[in-house]
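Novice: 3D model of this:
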Amino acid sequence: MELADMIAQLRSELSRAMADGDGGELRFQAEKLELELTVGVERSREPGAKVRFWVFDVNHSARSARTATQRIMLTLQPVRGEAPDRPALISGAELPDET
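Specialist: As a prediction, the model looks like this:
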């Protein structure tokens with residue numbers, strides 16, 4: 001999965017959690033999101049090509065195992081598009097492995 005796609009999916013999930021929590025009694029303020037990712041960097045040899053970052057899951061394939069990978073840490077500050085000065089409040093069901 002490309003890094004931009006992973007961040008877009010994260011944005012979508014957070015937006016859904018915010019919508020699901022509207023009117024709920026218990027909500028959480030998203031102050032910052034810290035992500036630790038294993039990424040592979042791909043640079044094409046074609047003229048004008050860009051560098052692409054691929055996010056790998058824990059069980060990446062044998063092909064990606066041969067790819068040089070790096071671990072990166074991203075810290076994101078969620079803000080609301082229509083009201084960036086208001087906190088982003090999220091809610092959702094607790095997952096079994098959350099503590």
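Novice: just the element for residue 14, please.
Specialist: Applying DSSP states H and E as the criterion places residue 14 in helix 3-21.
Novice: who are the packing partners of the very next helix or strand once past that helix?
Specialist: Remark: after helix 3-21, the chain's next helix or strand is strand 28-29, criterion DSSP H and E. For strand 28-29, the contact count by 3 or more CB pairs under 8 Å, 6 or more residues apart in numbering; DSSP states H and E identifies strand 89-90 as packing neighbours. Backbone N, C-alpha and C define where each C-beta goes, glycine included.
Novice: quick one: strands adjacent to the strand it packs on?
Specialist: With DSSP bridges as the test, strand 89-90 is paired with strand 28-29 (antiparallel).
Novice: average pLDDT across the strand it pairs with?
Specialist: Strand 28-29 shows a mean pLDDT of 81.
Novice: list the buried residues in the helix or strand just after it.
Specialist: The first helix or strand that comes after strand 28-29 along the chain, using DSSP H and E, is strand 33-43. Neighbour counts over strand 33-43 (16 or more other CB atoms under 10 Å) mark 37, 39, 40 as buried.
Novice: quick revisit: so what's the gap between the helix holding residue 14 and the chain middle?
Specialist: Taking CA atoms, centre = their mean, to the nearest Å, one finds the center of helix 3-21 at 8 Å from the center of the full chain.
Novice: alpha carbons only: can I get it in PDB?
Specialist: Output of helix 3-21 as PDB, limited to C-alpha atoms (Å, rounded to 0.1, in the frame of the first residue of the first chain):
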ATOM      1  CA  LEU A   3       1.900   5.800   2.100                       C
ATOM      2  CA  ALA A   4      -0.600   8.400   0.700                       C
ATOM      3  CA  ASP A   5      -3.300   5.700   0.400                       C
ATOM      4  CA  MET A   6      -2.600   4.500   4.000                       C
ATOM      5  CA  ILE A   7      -3.000   8.100   5.300                       C
ATOM      6  CA  ALA A   8      -6.200   8.600   3.200                       C
ATOM      7  CA  GLN A   9      -7.600   5.400   4.700                       C
ATOM      8  CA  LEU A  10      -6.600   6.600   8.200                       C
ATOM      9  CA  ARG A  11      -8.400   9.900   7.500                       C
ATOM     10  CA  SER A  12     -11.500   8.100   6.300                       C
ATOM     11  CA  GLU A  13     -11.600   5.900   9.400                       C
ATOM     12  CA  LEU A  14     -11.100   8.900  11.800                       C
ATOM     13  CA  SER A  15     -13.900  10.800  10.000                       C
ATOM     14  CA  ARG A  16     -16.200   7.800  10.300                       C
ATOM     15  CA  ALA A  17     -15.400   7.500  14.000                       C
ATOM     16  CA  MET A  18     -16.200  11.200  14.500                       C
ATOM     17  CA  ALA A  19     -19.500  10.800  12.700                       C
ATOM     18  CA  ASP A  20     -20.400   7.700  14.700                       C
ATOM     19  CA  GLY A  21     -19.600   9.600  17.900                       C
END
